[in-house]
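build the 3D model from these lines:
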Amino acid sequence: MEWMVEQVSRVNGAVNYRVIDEDTAIVADVKRDYEGEDALAIARLIAAAPTLLAALKDITPTMPPMNATCHVGMTTQDKCAHCRRIAAALAAIAKAAGL
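Okay, the predicted model is just below:
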């Protein structure tokens, strides 16, 4: 899935952007409430969301419950910085999926 950003209008010096999918269906409009580079950055972030989510899913391993032994077997996962980062990535994936 490839989403793209296009500039759709310029109103009172502020630029409006639209995020569209590969079929040119509108995914999101970023209105002039956000000015200049911020609006473009927000539109680009929205456009990159499917790619970012797919990449995050691809690199994030599944984990047993947080009270289980850490991946190195030295402590529990809740005390391991690496395991906490994996848990945060899994939480972000769940949030994006609406879970």
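
just the CA trace of stretch 51-62, in CSV.
Backbone C-alpha positions of stretch 51-62 (Å, rounded to 0.1, in the frame of the first residue of the first chain) are rendered in CSV as follows:
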residue,chain,number,x,y,z
THR,A,51,5.0,1.6,5.5
LEU,A,52,6.1,2.4,9.1
LEU,A,53,3.5,0.0,10.6
ALA,A,54,4.6,-2.9,8.2
ALA,A,55,8.2,-2.3,9.0
LEU,A,56,7.5,-2.2,12.8
LYS,A,57,5.5,-5.5,12.5
ASP,A,58,8.4,-7.1,10.5
ILE,A,59,11.1,-6.3,13.1
THR,A,60,9.2,-6.7,16.3
PRO,A,61,9.3,-10.2,17.8
THR,A,62,6.4,-11.6,19.8
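
report the mean per-residue pLDDT for it.
The pLDDT scores in stretch 51-62 average 90.

for the residue lying farthest from the centre of the chain, helix, strand, or coil?
Distance from the C-alpha centroid of the chain peaks at Met74, with 31.9 Å (CA atoms, centre = their mean). The three-state label for Met74, taken from DSSP: H, G, I helix; E, B strand; the rest coil, comes out as coil.

what's the distance between it and Leu90?
Here Met74 is placed at a distance of 21 Å from Leu90 (CB to CB, to the nearest Å). Placement of C-beta: from N, CA and C, glycine included.
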